[in-house]
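Visitor: Build me a model from this:
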Amino acid sequence: MARYSWRDPTGGAYGCLNPMGRKSTGQYPPEWPEFARQLKDEAGWKCIRCGHPHDLPSGHVLTVHHATLAKDEPFEHWWAFLVLCQRCHLRIQGKVDLDRPWVWQHTPWFRPYAAGFYAFKYLGLTLTREETMNRIDELLLLEAQVVIGRDPVALG
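Guide: Next up is the predicted model:
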């Protein structure tokens with residue numbers, strides 16, 4: 001089933017049809033540049049994975065990765081937007097997908113994003129980053145509890 005990449009409040013589409021049924025990456029809504037800049041400001045203009053600052057000559061150009069692959073993810077879902085340098089973005093592209101079940105330990109840089117997503121996916125909660133960090137261990141166990149049916153720590 002084909003879907004549109006972005007929809008405006010009146011139901012029209014900003015993006016284009018994608019016959020593969022995945023969101024198009026070609027077009028963004030009008031407020032995207034401001035939102036992306038805000039995310040980069042919050043990250044201190046550094047990659048959240050490697051910590052390198054935005055630096056054009058070295059190839060560390062900051063980008064925003066959509067961790068759910070849904071380009072129409074609501075902006076309040078902070079956990080769906082990863083500020084990454086181009087190098088890290090290319091390394092994780094196709095590998096880091098929040099929709100893919102994952103019962104193993106997440107890398108430290110990704111833990112808050114996975115926990116925020118699990119709060120939404122399993123509890124129906126849209127938590128702030130601070131609320132997520134306060135419950136991070138509990139939230140990270142949710143995926144394993146659902147996928148394997150029990151607490152992975154109890155498995156030894």
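Visitor: what secondary structure does R91 sit in?
Guide: helix (DSSP: H, G, I helix; E, B strand; the rest coil).
Visitor: That one and V103: what is the separation?
Guide: Look at R91 and V103: by C-beta to C-beta, to the nearest Å, they are 22 Å apart. Just so you know, the C-beta spots here come from the backbone N, C-alpha and C atoms, and that holds for glycine as well.
Visitor: Identify the residues contacting the spatially most central residue of the chain.
Guide: Centroid-nearest residue in the chain: A80, 2.5 Å away (criterion: C-alpha atoms, centre = their mean). Under the criterion of C-beta atoms under 8 Å, 6 or more residues apart in numbering, the neighbours of A80 are 66-68, 70, 73, 98, 113, 117.
Visitor: Could you check which helix or strand contains the spatially closest residue to it that is not a sequence neighbour?
Guide: Residue nearest to A80 in three dimensions, not counting chain neighbours: E73, with 4.3 Å by C-beta to C-beta, 6 or more residues apart in numbering. E73 is part of no helix or strand when elements are defined by DSSP states H and E.
Visitor: And the pLDDT at E73?
Guide: On pLDDT, E73 comes in at 76.
Visitor: quick one, domains of this protein?
Guide: The chain is divided into the following domains under automatic domain parsing: 1-99, 111-155.
Visitor: In terms of mean pLDDT, which of these ranks lowest?
Guide: Per-stretch mean pLDDT for those is lowest at domain 1-99 (a mean of 75).
Visitor: Could you find the closest non-adjacent residue to D99?
Guide: Distances taken as C-beta to C-beta, 6+ apart put T68 closest to D99, at 6.1 Å, once the chain neighbours are dropped.
Visitor: For the host helix or strand of E34, buried residues please.
Guide: Using DSSP H and E, E34 sits in helix 32-42. For helix 32-42, burial by neighbour count (16 or more other C-beta atoms under 10 Å) applies to 36, 39-40.
Visitor: Can you tell me which helices and strands that helix packs against?
Guide: strand 62-66, strand 81-85 (3 or more C-beta pairs under 8 Å, 6 or more residues apart in numbering; DSSP states H and E).
Visitor: among the ones you listed, which is the most enclosed?
Guide: Among those, ranked by average contacts under mean count of other C-beta atoms under 10 Å, first place goes to strand 81-85 (a mean of 24).
Visitor: That one: how far from the chain's middle?
Guide: 8 Å (C-alpha atoms, centre = their mean, to the nearest Å).
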